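Colleague: sequence first, predicted model second:
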Amino acid sequence: QLQLVESGGGLVQSGGSLRLSCAASAASGFSVGHYAIGWFRQAPGKEREGVSCISSSGGLGNSPDSVKGRFTISRDNAKNTVYLQMNSLKPEDTGVYYCAATGVYCSDYIINYEYWGQGTQVTVSS
């Protein structure tokens, strides 16, 4: 089955940038190019929320107003990787960021995402 691995998290000051990567494990033998990939985040004590999604053909899903204009999702199927570029980071962006795969189209419903990575921690200091 598809196995996803996130990387790129870390500690950054408010206003800084990070680029997260979501790669398909070579051991899984699957390609992220066949799936819509979503990025989600979960802050302590809060529910997991979607922040961005890209379909298998490169179309964009819905994003919350809190990240619009600051977060950009992209994919490089040749590298079997999806990226989340996060700029102008704020302390409220702190949380564990996950990528997940669903069918070919993005979904607004977390329950539709079948394959999940283990997450990467993003901490934004004020």
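Modeller: Received, thanks. Everything numeric here is computed off the predicted structure, so don't read it as measured data. Residues are numbered from 1 along each chain as shown.

Colleague: what's across from Gln13 in the sheet?
Modeller: Per DSSP bridges, the residues bridged to Gln13 are Ser125.

Colleague: tell me, how many residues neighbour it?
Modeller: 10 (other CB atoms under 10 Å). All C-beta spots, glycine's among them, are computed from the backbone N, C-alpha and C.

Colleague: repeat for Ser28
Modeller: For Ser28, the tally of surrounding residues (other CB under 10 Å) stands at 14.

Colleague: okay, it: pLDDT?
Modeller: With respect to pLDDT, Ser28 has a value of 72.

Colleague: what about it, distance to Arg70?
Modeller: Using CB to CB, to the nearest Å, one gets 31 Å for the distance from Ser28 to Arg70.

Colleague: please, where are all the strands along this protein?
Modeller: In chain order, the chain shows strands spanning 4-7, 10-13, 18-24, 36-42, 49-54, 71-76, 81-86, 95-102, 115-116, 120-125, with DSSP state E as the criterion.

Colleague: which residue is nearest the middle of this structure?
Modeller: In the chain, the residue lying closest to the centroid (CA atoms, centre = their mean) is Trp39, at 2.5 Å.

Colleague: from Val82, how far out is it?
Modeller: Applying CB to CB, the value for Trp39 to Val82 is 8 Å.

Colleague: my guess is Gln71 meets Val51, correct?
Modeller: Actually, residue 71 is Phe. It isn't Gln. Yes. Here Phe71 lies in contact with Val51, judged by CB atoms under 8 Å, at a distance of 6.0 Å.

Colleague: between the two, which one's more packed in?
Modeller: Counting neighbours by other CB under 10 Å for Phe71 and for Val51 shows that Val51 has the greater number, 24 against 21.
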